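Colleague: Got a predicted structure plus its sequence, pasted below:
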Amino acid sequence: MTPLAAPRVPALIYGTAWKQAATAELTLLAVRTGFRAIDTANQPRHYDEPLVGTALRELAAGGLGRDQLFLQTKFTSPGGQDHRIPYDPQADPAGQVAESLALSLQHLGTDHLDAYLLHGPSTRFGLGAYDLAVWAAIEEAHRRGAARLIGISNVSAEQLALLCARARVAPMIVQNRCYADLGWDREVRGFCREHGILYQGFSLLTANPHVVASAAVAAAARRLGLTPAQVVLRFAVQAGMVALTGTTDPEHMRQDLEAMAAELTADEVARIAAVAG
Ligand SMILES: NC(=O)c1ccc[n+]([C@@H]2O[C@H](COP(=O)([O-])OP(=O)(O)OC[C@H]3O[C@@H](n4cnc5c(N)ncnc54)[C@H](OP(=O)(O)O)[C@@H]3O)[C@@H](O)[C@H]2O)c1
């Protein structure tokens, strides 16, 4: 199978972490409310990937097919798992990725992912031989068409540069927690911009409560008739990110989607960017 054309990535992705038994119900609700991109991981500690699949099967039965959704999941190394490691941790890195990926595809009832991410390097600084071997296995998944886009999460600018230097297929996506106090992940986003890598930001609201409560956000919210949370999510997109939200509230699902149609002025974006960092 040759790699298929790169899929379009929606500006807002619905995140399925920490929903436990409510994962299927909330994923269904999110898609029915209008989300078309879903983020999960084969990491039972934080995600219930099989229940994401349950929602997808129900959606398919109702006529919403696989081709209408952007599906993204992750390989999590043993250090990021609890006792429920969903592959043989004694296998070599290629074997671990192959088994985890096969299970993800089975959970999600599909033969390909729109994006497959390495959940994070196994070391705090630099990259180990293990990480490079895992990345080679992720490249292989891309080569054979099982993952249209490949990327990495929880990565520093130093690690990202290392990976790009060593990879045969460079990451196409970075997914990071985005702190306003770190210039909205300035260094990593700068590297992504220079190298044509798509940046996905998570914890945009929870990591930045002082920005949500700021005068700059309040002013834009007043002008647009939006809530501060909506303004921050829209700010992230206008600043060049794809935003994640994992809201469990039906009204917030609607609001987060609605925010994507709003337009902040360049001045408002600059003022919000300057609140911190
Ligand atoms: N790669 C990684 O290591 C990693 C780590 C963390 C997360 N993620 C991904 O990112 C996704 C999102 O996680 P997150 O940390 O960004 O967010 P989150 O934990 O899902 O939290 C979002 C918070 O914002 C609130 N919220 C959302 N929309 C709102 C609105 N319109 N008004 C007011 N409050 C609103 C939610 O409250 P309500 O529920 O009450 O709306 C919730 O408290 C996860 O599900 C996961 O897929 C990845």
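Modeller: Yes, it's here. Numbering: from 1, shown residues only.
Colleague: Let me know the pLDDT of Ala213.
Modeller: pLDDT, Ala213: 97.
Colleague: Could you report the neighbour count for it?
Modeller: Around Ala213 there are 11 other residues, counting by other CB atoms under 10 Å. C-beta coordinates here come from the backbone N, C-alpha and C atoms, glycine included.
Colleague: wait, isn't it in contact with Pro228?
Modeller: Yes - with contacts counted by CB atoms under 8 Å, Ala213 reaches Pro228, the gap being 7.0 Å.
Colleague: Show me which residues of this protein are close to the ligand?
Modeller: 15-17, 39, 119, 153-154, 175, 202-206, 227, 229-230, 244-249, 252, 255-256 (CB under 6 Å from any ligand atom).
Colleague: which stretches of the stretch 1-150 of the chain have low pLDDT?
Modeller: 1-5 (pLDDT under 70).
Colleague: Show me where it has its strands.
Modeller: 12-15, 37-39, 70-75, 113-118, 147-153 (DSSP state E, counting those that start in this stretch).
Colleague: now do the stretch 151-277 of the chain
Modeller: With DSSP E, counting those that start in this stretch as the criterion, the stretch 151-277 of the chain has strands spanning 173-177, 198-202, 242-245.
Colleague: re earlier: report the buried members of the residues of the chain next to the ligand.
Modeller: Buried subset of those (neighbour count, 16 or more other CB atoms under 10 Å): 15-17, 39, 119, 153-154, 175, 202, 204-205, 227, 229-230, 244-247, 252, 255-256.
Colleague: And the residue in the stretch 151-277 of the chain positioned nearest to the ligand, how close does it get to Leu163?
Modeller: Closest approach between the stretch 151-277 of the chain and the ligand, counting by CB to the nearest ligand atom: Gly246, at 2.3 Å. Separation of Gly246 from Leu163 (CB to CB, to the nearest Å): 26 Å.
Colleague: Report the contact partners of the closest residue to Lys74 other than its chain neighbours.
Modeller: Excluding the flanking residues, the one nearest Lys74 by CB to CB, 6 or more residues apart in numbering is Ala41, at 3.9 Å. Each residue near Ala41 by CB atoms under 8 Å, 6 or more residues apart in numbering is listed here: 17, 47, 49, 73-74, 76, 119.
Colleague: if we take the residues you listed, which one ends up nearest to Glu139?
Modeller: Using CB to CB, Lys74 is the member of these that sits closest to Glu139, with 15.3 Å.
Colleague: what's across from that closest one in the sheet?
Modeller: Leu117 (DSSP bridges).
Colleague: Give me the neighbour count for it.
Modeller: Lys74 has 27 nearby residues by other CB under 10 Å.
Colleague: Then Ala216?
Modeller: Neighbours around Ala216, by other CB under 10 Å: 19.
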